[in-house]
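*Asks:* Got a sequence here, can you build the structure:
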Amino acid sequence: MGIPGNSIMKGQGRMTGLLGEIAVNTYLPQSHYVGDSVWTHDLVHKEKNIEVKSKICSGIPKPEYTAFVNGKKDMKPENDTFFFTRVRRDFMQVYLVGWIPTKLFLKKADFVSVGDEAENGFQYKSPGYDILIEQLYAPRSLR
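*Replies:* Sure thing, here's the model as predicted:
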């Protein structure tokens with residue numbers, strides 16, 4: 001797939017996203033992967049369009065960690081559900097951290113701008129919406 005010229009993670013983001021999509025598709029037995037032909041979502045499961053969002057990590061995700069979706073403040077995603085994963089830095093494990101309906105996500109999540117700083121000192125490199133993992137629904141509740 002190559003490395004995009006503006007890649008912050010030098011191409012690791014593509015592998016992270018791909019592994020997250022594979023894991024969720026495998027976990028949801030009746031899902032169908034459509035990400036190679038549809039650009040608004042990755043999977044269709046029980047008539048719901050699911051966008052998988054994955055972050056790289058170094059250890060087991062904790063409830064106080066966040067899930068993030070890049071985007072502008074007035075974004076209008078064309079999917080029904082966000083499903084979040086964390087992929088271990090060595091690409092050997094994917095953690096399914098939770099899901100949330102898109103409309104509810106946009107109501108509950110906090111919008112952050114480039115340069116904003118989280119309580120833990122992390123500085124955001126892109127604008128988007130941030131939500132605590134503990135505010136997501138458990139993965140098993142979507143099956």
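*Asks:* CA atoms for contacts and neighbours, from now on please.
*Replies:* Fine.
*Asks:* where along the protein do the strands fall?
*Replies:* Counting by DSSP state E, residue ranges of the strands within the chain are 32-33, 43-45, 48-57, 66-70, 81-88, 94-101, 110-112, 128-132.
*Asks:* Kindly state the pLDDT recorded for the spatially most central residue of the chain?
*Replies:* Nearest to the mean C-alpha position of the chain, counting by Cα atoms, centre = their mean, stands residue 53 at 1.7 Å. In this model, residue 53 is scored at 98, pLDDT.
*Asks:* Likewise for residue 14?
*Replies:* 87.
*Asks:* State the distance from it to residue 29.
*Replies:* Distance of residue 14 to residue 29, given as Cα to Cα, to the nearest Å: 24 Å.
*Asks:* Then residue 83?
*Replies:* With Cα to Cα as the criterion, residue 83 and residue 29 are 15 Å apart.
*Asks:* Comparing the two, which residue is more hemmed in?
*Replies:* Comparing residue 83 with residue 29 by other Cα atoms under 10 Å, the one with more neighbours is residue 83, at 26 against 10.
*Asks:* Bridged to the more buried one, which residues?
*Replies:* residue 52, residue 99 (DSSP bridges).
*Asks:* Touching the one helix or strand in the chain whose mean pLDDT sits lowest from outside, list them.
*Replies:* Within the chain, judged by mean pLDDT, DSSP states H and E, the helix or strand with the poorest mean is helix 12-27; its value is a mean of 92. Residues outside helix 12-27 that contact it (Cα atoms under 8 Å, 6 or more residues apart in numbering): 31-33, 42-43, 52-56, 83, 85-87, 91, 94, 96.
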